[in-house]
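Asker: One predicted model, sequence on top.
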Amino acid sequence: MTLDGNIYASGGKIGGWNITDSTLYGGNVVIDSAGNMRCTISNDLRWALTNDGLIRAKQGYIAGWHIDEESIWNDSGTTLNTNLNNGHY
């Protein structure tokens, strides 16, 4: 099937993703019409990207640094801990 033009609908599904008038969601991921994305598992927010540029995650790995809720560390042993010296390393 080939379609040209616009398709308008207030709900439906495409490729396993559900569509409402303001969200696209599938599994644990939601993308809303304001430009926010989030993943929630068992009512626990795992990650989020907001339309103002904020990234939220419980843990991760960026440019060789591991991140969790309390520390940032690398494989060579350097650790930045939020509980030390009022957040300063």
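Answerer: Okay, I see it. Numbers count the residues shown, from 1 in each chain.
Asker: what sits against the residue nearest to the spatial centre of the chain?
Answerer: Residue closest to the average C-alpha location in the chain (C-alpha atoms, centre = their mean): Ala48, at 2.9 Å. Shown in contact with Ala48 (C-beta atoms under 8 Å, 6 or more residues apart in numbering): 36-39, 54-57. Every residue, glycine included, has its C-beta placed from N, CA and C.
Asker: Count the neighbours of Arg46 for me.
Answerer: 15 (other C-beta atoms under 10 Å).
Asker: my guess is it meets Lys58, correct?
Answerer: Yes. If you go by C-beta atoms under 8 Å, Arg46 and Lys58 touch, sitting 6.4 Å apart.
Asker: What residue spans form the domains of this structure?
Answerer: 1-58, 59-89 (automatic domain parsing).
Asker: so can I have JSON lines of the ones you listed showing mean pLDDT?
Answerer: Formatted as JSON lines, the domains of the chain follow (pLDDT from 0 to 100):
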{"stretch": "domain 1-58", "mean pLDDT": "90"}
{"stretch": "domain 59-89", "mean pLDDT": "77"}
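Asker: can you pull out the strands in the protein?
Answerer: 12-14, 17-19, 23-26, 29-32, 37-41, 44-49, 55-57, 60-62, 65-67, 71-74, 79-81 (DSSP state E).
Asker: Can you check what angle separates the longest one from strand 37-41?
Answerer: The reference is to strand 44-49. Between strand 44-49 and strand 37-41, the angle comes out at 170 degrees (axes from the mean of the first three to the mean of the last three C-alpha atoms, to 10 degrees).
Asker: circling back: now the strands of the chain as CSV including distance to Leu3?
Answerer: Shown next, in CSV, are the strands of the chain (distance: least, C-beta to C-beta, whole Å):
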stretch, distance to Leu3
strand 12-14, 12
strand 17-19, 16
strand 23-26, 19
strand 29-32, 22
strand 37-41, 27
strand 44-49, 30
strand 55-57, 35
strand 60-62, 39
strand 65-67, 44
strand 71-74, 48
strand 79-81, 52
